[in-house]
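Asker: Quick check, what structure comes out for this input:
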Amino acid sequence: MKMDLSEPLRADYLRLFDACRTRDERKPDVRAFVIRLYSRFDRYEEAERATGVPWYVIGLLHGMECEFDFSLHLHNGDPLRHRTVGVPKGRPVKGNPPYQWLESAIDALQYDRFTTWTDWSVAGICYKLEGYNGWGYRARHINSPYLWSFSNLYERGKFTGDGHWDPDAVSKQVGAAVALKTMIENHLIALRATKAVMA
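Answerer: Sure thing, here's the model as predicted:
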């Protein structure tokens, strides 16, 4: 399933981002996620210099895919000691394992066309993050937990493996958009002004 960032989809992201509220009981988890991300700023900034992708977007992906572990592929959290086994399989194509984290991260960002993306607004970031994880939640009319977990916008339903759906499973990860909004609200990053940010 492929989706373009249409104006209706852009408006949907901004509406959701504006409505997003971290659940009170999950605020410590979101705060801890953001602290862990920010503490690795130098590694993500190095990757930004190599790719042009904002450091905080790289950090969000790293937290979601690898729990901030630099011994894992940014593509999907597989170990760097061999090419990826999960989706996408066989990455990086060039070079020989074991891979360095930066080398693999550059490949992941190129593979998913982050390096040619230029819209780093709230909607543009949400679109790229959701696409990285997959569009399957939209077909089930559920806000993707990859973006909205630990907020008022998500309760349950999760793909527990590639193509395996469990309607009762609940994500135990911080949603990337929830973390992004927390970073903006705490003035750790400043994004191009949008209706959602200015509200």
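Asker: Tell me which stretches of the chain form strands.
Answerer: 158-161, 164-166 (DSSP state E).
Asker: among these, which is the most enclosed?
Answerer: strand 158-161 (a mean of 15; mean count of other CB atoms under 10 Å). Quick note: C-beta positions are derived from backbone N, CA and C, even for glycine.
Asker: same for it, what does it pack against?
Answerer: strand 164-166 (3 or more CB pairs under 8 Å, 6 or more residues apart in numbering; DSSP states H and E).
Asker: Centre of the chain to the strand it packs on, how far?
Answerer: 20 Å (CA atoms, centre = their mean, to the nearest Å).
Asker: next one: stretch 113-127
Answerer: 11 Å.
Asker: Which residues outside that stretch are in contact with it?
Answerer: The set of residues external to stretch 113-127 that reach it, using CB atoms under 8 Å, 6 or more residues apart in numbering, is 3, 5, 9-10, 13-14, 16-17, 51-54, 57, 109, 128, 147, 177, 180, 191-192, 194, 196-197.
Asker: Name the residues of it that come out as buried.
Answerer: Phe114, Trp117, Trp120, Ser121, Val122, Ala123, Gly124, Ile125, Cys126, Tyr127 (16 or more other CB atoms under 10 Å).
Asker: Give me the phi and psi for the fourth one.
Answerer: Spelled out, it's Ser121. phi -80, psi 170 (degrees, to the nearest 10).
Asker: one step back: could I get the strands of the chain as TSV with distance to Glu25?
Answerer: Conversion of those to TSV gives the following (distance: least, CB to CB, whole Å):
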stretch	distance to Glu25
strand 158-161	19
strand 164-166	22
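Asker: For those strands, give me TSV that also has mean pLDDT.
Answerer: As requested, the strands of the chain are arranged in TSV below (pLDDT from 0 to 100):
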stretch	mean pLDDT
strand 158-161	83
strand 164-166	84
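Asker: how close does the residue nearest to Asp69 when sequence neighbours are not counted get to Leu61?
Answerer: Closest residue to Asp69 apart from its sequence neighbours, by CB to CB, 6 or more residues apart in numbering: Gly77 at 7.8 Å. As judged by CB to CB, to the nearest Å, Gly77 and Leu61 stand 10 Å apart.
Asker: Looking at these two, which is more packed in?
Answerer: Leu61 (25 against 15; other CB atoms under 10 Å).
Asker: How about the contacts made by the closest residue to that one other than its chain neighbours?
Answerer: Leaving aside its sequence neighbours, Leu61 sits nearest to Leu74 (CB to CB, 6+ apart; 6.0 Å). Residues near Leu74 by CB under 8 Å, 6+ apart: Ile58, Leu61, His62, Glu65, Cys66, Trp101, Ser104, Ala105, Ala108, Leu109.
Asker: Show the pLDDT at Leu74.
Answerer: As predicted, Leu74 sits at a pLDDT of 98.
Asker: still on that earlier bit, now the contacts of stretch 113-127: which count as buried?
Answerer: Here, 16+ other CB under 10 Å leaves 5, 9-10, 13-14, 16-17, 51, 53-54, 57, 109, 128, 147, 177, 180, 191, 194, 196-197 buried among the contacts of stretch 113-127.
Asker: that older thread, state the distance from the residue nearest to Asp69 to Val87.
Answerer: Counting by CB to CB - Gly77 and Val87 are separated by 11 Å.
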